[in-house]
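>>> all I have is the shape, not the residue letters:
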């Protein structure tokens, strides 16, 4: 069963809302890249980080009601509201709406805030608010509470398996009739410790992510949250449908997936050297290929933003040029460097690394 | 969508009462329990709130695994052994792994962070370990499995929801067999967190008792092997029970308190009953979430009495295991199945004085049951409510 995408809500370094996201794809808006100080043994230096611009939540929720809500939950709430607004629908029966949240690292900033309190003030000063908000399902809970949605609600956290599992769970819930709509949200937030770790793993060697420069580590951390409002009726989509979700495909089985008459392949390559070693093994000769991580940064759920890019492309009937398309690539790939027009029923394939040399593949089709 | 029934072919369990299901059963049926001040956790607090720790230090397990992952692996190993499945058998099948956890997916290693917080430069070994130890991924990698892999983080209902997720994979033919359950280790951070919420009991917990004053934390893992009936028949293996229903609904009420009317729990139970075409009268017992907190037990007891009856047999096995968080629902699913096999429920230690506000009273002695069907409830922070419904194997 295809997943029909009714609305999308993006919150990332390109700003809040699908219009800002689209401006980024058109290269009419630059991502908000902030120099974040990172301390290392050899001294402090600045790491470029794709910082999410969380703007306009007070259009939906009064500021006063958000006093105890942390930054990541605000991102999730804004993204959810934007997706519902984008779809332009109101739910008649909120118990028929499911919430599925996926995150690689969860509310990591609040996790460390909880530890800060314990370290600075002692064991008796653990903050109950930080503790409750540090649980991975705090986002789903806040979405459920603020929007009064009392259907099934779940949170999945599985690094590079997260995006696929959120979408598969959505498919299953719709398929068995548990719900009529799904609010599927995927996000990750940046924190100092992640920056520190990122540098240890090689981030900051480059000022920009070069997704097709497979030989060099160029990743830069990002943060953001994207929500899809999904249903099962494929006729209703504004954007297109997620037709297939294939998980854990070895390199040898990818060719046929890509060849399934997709107009383009979007690689969730994000400059991570250990991932590049696997991406390199896919034969992409003569394929039209793009990678948009230079617009939103590296995070475990980058593929969710790539799927948004594909959906916007299908809606607009055009694939926008891949950013950083002039970066070093000698892989014989046809990197998309100018707009490509799409037909009504065009399809785009997104490829994400799942495990070493195996991939999650998403096939999206226009309507 | 598959109409084949889903069979449980193996179970594994490790928690404070024992390192395997047989040991755990013995403790449960003798009514023994040992809440004690934590041995692996030191604090600056004036008082040591009792916990239920697993005695084993799991020395023989993978060195690179975290304690949560080791607990999960121990239970997986036992469950596969009972199901008569070898690692090689698994590699010939599409096997999914769904594991619920709370601590096991969180980067909150205190020594690492204390170093960082002090302005030092801690090494990356802890982060490497965190990245390698997502419980479901670890199991999938260890056994070279290629089916769906998901770690479910729904706080205290994680284990139940992981089993529910695996059920949906099998029903939608996404895998041939699933390893499903939950695992969690005791951690200083959750220990202090629960104390900060003022819901930790200073003594052994007393589920549904009038004088209950909070929970005791625990640790452990519970795993079940789920497969379709036709596959089980093909390989000539036995079924322990059938998983016939799963329901999950949110309260949409409060981050840490259940809805006072139990709206989400009621819907979850009703959905599971409807899905399995079972009437409330056919259900023989409830393995309650029964945390021993004032609010949980009151809400849950009322919903059990309303849907079933105030006389239906109820047990809270947290009185033996403590609250094992992400593992709790899975451990209790194992106990529910075991009760159907043994046709008896253990007593609920700590319960002495009924609370009229709860409307139900849990078991006080071992109770013989003549029933085919039992349910297991989980209520979680964030307002998650989930229920599993099991039928005794034919």
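Noted; the coordinates are in hand. All values derive from a computational prediction rather than experimental measurement.
>>> what about residue B:347, distance to chain A?
32 Å (Cβ to the nearest Cβ, to the nearest Å). From N, CA and C alone the C-beta is placed, and that goes for glycine too.
>>> which element is that residue on?
Assigned by DSSP states H and E, residue B:347 falls within no helix or strand.
>>> do the same with residue B:119
Per DSSP H and E: residue B:119 is located in neither a helix nor a strand.
>>> identify the residue spatially nearest to it, adjacent ones excluded.
residue A:39 (6.8 Å; Cβ to Cβ, 6 or more residues apart in numbering or on different chains).
>>> list the contacts for the one you found?
Neighbouring residues of residue A:39 by Cβ atoms under 8 Å, 6 or more residues apart in numbering or on different chains: A:196, B:119, B:121.
>>> now residue A:348: phi and psi?
Reported as degrees, to the nearest 10, the phi and psi values for residue A:348 are phi -130, psi 140.
>>> where's residue 334, which helix or strand?
Since you didn't name a chain, this refers to chain A. For residue A:334, the host element (DSSP H and E) is strand A:334-335.
>>> please go with chain B instead
Short version, using DSSP H and E: residue B:334 is in helix B:328-342.
>>> state the mean pLDDT of the helix or strand just after that helix.
Next helix or strand after helix B:328-342 toward the C-terminus (DSSP H and E): strand B:344-345. Strand B:344-345 carries an average pLDDT of 98.
>>> just checking: what are the partner strands of the very next helix or strand once past strand B:344-345?
Per DSSP H and E, the first helix or strand lying C-terminal to strand B:344-345 is strand B:367-368. Take DSSP bridges as the rule and strand B:367-368 pairs in its sheet with strand B:344-345 (antiparallel).
>>> ok, and what's touching the partner strand?
B:29, B:285, B:313, B:315, B:339, B:363, B:366, B:367, B:368, B:369.
>>> ok, now stretch B:75-93?
With contacts defined as Cβ under 8 Å, 6+ apart, stretch B:75-93 is touched by B:9-14, B:20-21, B:139, B:143-145, B:147, B:175-177, B:179, B:181, B:183, B:221-225, B:227, B:237, B:240.
>>> of those residues, which belong to strands?
Among the contacts of stretch B:75-93, the members found in strands (DSSP state E) are B:9-14, B:177, B:179, B:181, B:183, B:221-225, B:227.
>>> for those, pick the one with the most neighbours.
Greatest neighbour count in the ones in strands among the contacts of stretch B:75-93, by other Cβ atoms under 10 Å in any protein chain shown, goes to residue B:183: 40 neighbours.
>>> contacts only, for that residue.
When contacts are taken as Cβ under 8 Å, 6+ apart, residue B:183 is in contact with B:68-69, B:71-72, B:75, B:99-101, B:104, B:135, B:220-222, B:326-327, B:330.
>>> against chain A, how distant is it?
14 Å.
>>> chain center to stretch B:52-65, what's the gap?
Here stretch B:52-65 is found 19 Å from its chain centre; the criterion is Cα atoms, centre = their mean, to the nearest Å.
>>> that one spans what distance, first to last residue?
21 Å (Cα to Cα, to the nearest Å).
>>> in it, what's buried?
Judged by neighbour count (16 or more other Cβ atoms under 10 Å in any protein chain shown), stretch B:52-65 contains these buried residues: B:52, B:53, B:54, B:58, B:61, B:65.
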